[in-house]
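[1] would you be able to build a 3D model of this:
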Amino acid sequence: MASIELVLGESLTPSADARVWTLKLRQGVQFHNGKIVDADDVIFSLRRIVDPAAPGIGATGLSMLDAAALRKVDATTVEIPLRYPYSVLDDQLAQYMMGIVPVGFDKANPVGTGPFRFQDFTAGSRSTFVRFDDYWRARALPDQLVIIDFPDDTAKVNSLLSGQIDCLDNLPTSQIDVVKAAGHQVMISETASWTPFTMRVDTGPFTDVRVRQAFRLIVDRPQMVAQALNGQGRIGNDMYAPFDP
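    So this is what the prediction gives:
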């Protein structure tokens, strides 16, 4: 069973009624600009995400947040009040779009707290990052990280096979055997990602529940996994979030 691992936080504790959560930050974590992460940054980041004038991707997931009432207890402690009880706020804050940025964050000159700091970015082409030597955990081994964008999976895999790049992510399942045959290693991780089949329940014929039930029964599910996913998947049995207790 997967569980949430605190990184910038040391603890995140709900009140008895799950209306107020208390976040205690890890001490001494630096942003790439040298600033130490503190309670002001947390409050700034959460308010920035839910700003009605320019809401971030994570705004919907924080609809329960009472942003105006966020309270700094001390330099490393924040009280997070909610409009109504919400027992899985920790899960929401763990989403990738909830990253903490420093007060006054400028997206033209982005900084974070990770093992690599931003150097340059060319849209649709590549991003370059250099090692951040003051990273609070173990220093990264490479001096530099270059992420190259590819227009399609074929170009991406060909770049790996030709030696233009050292590694890639999201390898198409149909290319696993090709990459292995070329002498490369493939790391396969069990994830909680899932692929739904969605139906317009307000439009015929899917307004009829019997039609929707028929679609559940019409497919050979093991065959779908074997053919569509090249065996790299498992049957969801009409449930998402396989790691959800």
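[2] so which residues of the chain form helices?
    Under the criterion DSSP state H, the chain carries helices at the ranges 39-50, 89-93, 153-162, 176-181, 209-218, 221-228.
[3] for the third one, buried residues please.
    Going back to what we said before, that points to helix 153-162. Lys156, Val157, Leu160, Leu161 (16 or more other CB atoms under 10 Å). To be clear about C-beta, it is placed using only N, CA and C from the backbone, and glycine gets the same treatment.
[4] kindly report the same for stretch 22-33.
    Of all the residues in stretch 22-33, those buried under the rule 16+ other CB under 10 Å are Leu23, Lys24, Leu25, Val29, Phe31, His32.
[5] residues in contact with the spatially closest residue to Val178 that is not a sequence neighbour?
    Closest residue in space to Val178, ignoring its immediate chain neighbours: Val157 at 7.1 Å, by CB to CB, 6 or more residues apart in numbering. Val157 makes contact with Leu168, Leu171, Pro172, Gln175, Val178, Val179 under the criterion CB atoms under 8 Å, 6 or more residues apart in numbering.
[6] which of those residues are buried?
    Buried residues within these, counting neighbours by 16+ other CB under 10 Å: Leu168, Leu171, Pro172, Gln175, Val179.
[7] switch the residues you listed over to a markdown table; also include distance to Lys107 and pLDDT.
    A markdown table is the format used below for the buried ones among the contacts of Val157 (distance: CB to CB, whole Å; pLDDT from 0 to 100):
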| residue | distance to Lys107 | pLDDT |
| --- | --- | --- |
| Leu168 | 26 | 95 |
| Leu171 | 30 | 93 |
| Pro172 | 31 | 91 |
| Gln175 | 34 | 93 |
| Val179 | 35 | 96 |
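[8] reformat these as a markdown table; add distance to Met187.
    Shown next, in a markdown table, are those (distance: CB to CB, whole Å):
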| residue | distance to Met187 |
| --- | --- |
| Leu168 | 11 |
| Leu171 | 9 |
| Pro172 | 15 |
| Gln175 | 14 |
| Val179 | 11 |
